[in-house]
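Asks: got a predicted structure plus its sequence, pasted below:
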Amino acid sequence: MSPGGPATTGRMCSDVSQHTTGSSPTVPGGRRRAGRGRAGLRAATAALAGLLAAGGLGTAAVPAAHAAPAPATAAAADNPYERGPDPTEDSIEAARGPYDVAETSVSSWVVSGFGGGTVYYPRETDDGTFGAVAVAPGYTASQSSMAWLGPRLASQGFVVFTIDTLTRLDQPASRGRQLLAALDYLTERSAVRNRIDASRLGVMGHSMGGGGTLEAAADRPSLQAAVPLAPWNLDKTWGELRVPTMIIGADGDSIAPVSSHSEPFYESLPGGLDRAYLELNNADHFTPNLPDTTLAKYSLSWLKRFIDNDTRYEQFLCPLPRPGWYIEEYRGTCPHLS
């Protein structure tokens, strides 16, 4: 079995590993984090470019949600950030949640620091403000490669910004800065800024966008959640992160193999941090580019649990999900610390 992270002493928690196959990953030494620029980056980038196809332009249309939100539960009185009805296994696996979704395009000409994108948000205004998530695409790809996540997460009660990068060749550190610039635009200048609680923000991204997600979380510890998807980054140690982080890898990923990317990223996270590692079974590097129920249900649960502090979603994360047809391995902090 691949070991989980070290148990946290003096706390009511443990870091547990559950998986089906695979040997123990090599854990990198406790070195200080290297600088953003690294030798060999150009060569690695060139190799990656040969494997990735450019993403298409535009975004998918957003169908209407299937139901209106249920009245607030009694628990919502204790947590003003809860949004939507009590979750069930069916509701977190559904392609659409309880909120009807609208979208608006943001031109690259009216923003700075990133390449524009599409904002998806709940139409309803009676529930107050929502948490927000910025999502970055992978190397050579556009926002369209992540467009499916926009309405899916927004229909569950988030404002979601799928972004384009300044160039399709931008590296993880640049993508991390662009995610933060997108959040700043979203909360300060966007047409939906009054719908957003600026204290409840998170980041997601695929491939180099996933590497950028780690960079953004390192640079802005006030973020509430980070979810890198099949992340790629030459920096393997992230001991400085203070943001609850769920890393999602794919067992068949040959571009960002979990043994040299997702697993060492996870192992390097601080033992006292709320963290999780989900390895998708029968999946590859491009699985996050298409609708995927397993990826969506656990990333949604993570965002709800930590951006909204919604403990109703704890049941889907702890006890740890068990391996099976869709999950190769799951490790994580259980119970959570915050």
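Replies: Alright, I've got the coordinates.

Asks: what segments of this protein are helices?
Replies: Using DSSP state H, the helices of the chain run over 41-51, 89-93, 149-154, 172-188, 208-219, 262-268, 293-307.

Asks: buried residues, the fourth one. List them.
Replies: In other words, helix 172-188. By neighbour count with 16 or more other CB atoms under 10 Å, helix 172-188 contains the buried residues 172-187. (Each C-beta comes from the backbone N, C-alpha and C, glycine too.)

Asks: before we move on, back to that, point out the most buried one among the helices of the chain.
Replies: Each of the helices of the chain was scored by mean neighbour count; the highest is helix 208-219, a mean of 29, by mean count of other CB atoms under 10 Å.

Asks: what's the average pLDDT for that one?
Replies: Helix 208-219 comes out with an average pLDDT of 98.

Asks: show me which pair in the buried residues of helix 172-188 is furthest apart.
Replies: Greatest spatial distance among the buried residues of helix 172-188 (CB to CB): Pro172 and Thr187, at 23.0 Å.

Asks: can you tell me which of the buried residues of helix 172-188 is nearest Gly211?
Replies: Checking these against Gly211 by CB to CB gives Pro172 as the nearest, at 3.2 Å.

Asks: now the closest one. Nearest residue, chain neighbours left out?
Replies: Spatial nearest neighbour of Pro172, excluding adjacent residues (CB to CB, 6 or more residues apart in numbering): Gly211 at 3.2 Å.

Asks: is it true that the one you found touches Ser174?
Replies: No: in this structure, Gly211 is not within contact of Ser174 by CB atoms under 8 Å, at 10.2 Å.

Asks: how much space separates the most centrally placed residue in the chain from Ala95?
Replies: Closest to where the C-alpha atoms of the chain average out (CA atoms, centre = their mean) is Val227, at 2.3 Å. Distance of Val227 to Ala95, computed by CB to CB, to the nearest Å: 18 Å.

Asks: now do Gly332
Replies: For Gly332, the distance to Ala95 under the criterion CB to CB works out to 25 Å.

Asks: so these two - more neighbours on which side?
Replies: Neighbours per residue (other CB atoms under 10 Å) separate Gly332 from Ala95, with Gly332 holding more: 27 against 14.

Asks: so what pairs up with that one in the strands?
Replies: Beta-bridge pairing for Gly332 (DSSP bridges): Val16, Ala276.

Asks: check it and give its pLDDT.
Replies: Looking at Gly332, its pLDDT stands at 96.

Asks: run the angle between the biggest strand by length in the chain and helix 208-219 for me.
Replies: Assignment by DSSP state E gives strand 196-206 as the longest strand of the chain. Taking axes from the mean of the first three to the mean of the last three CA atoms, to 10 degrees, one finds strand 196-206 and helix 208-219 inclined to each other by 130 degrees.
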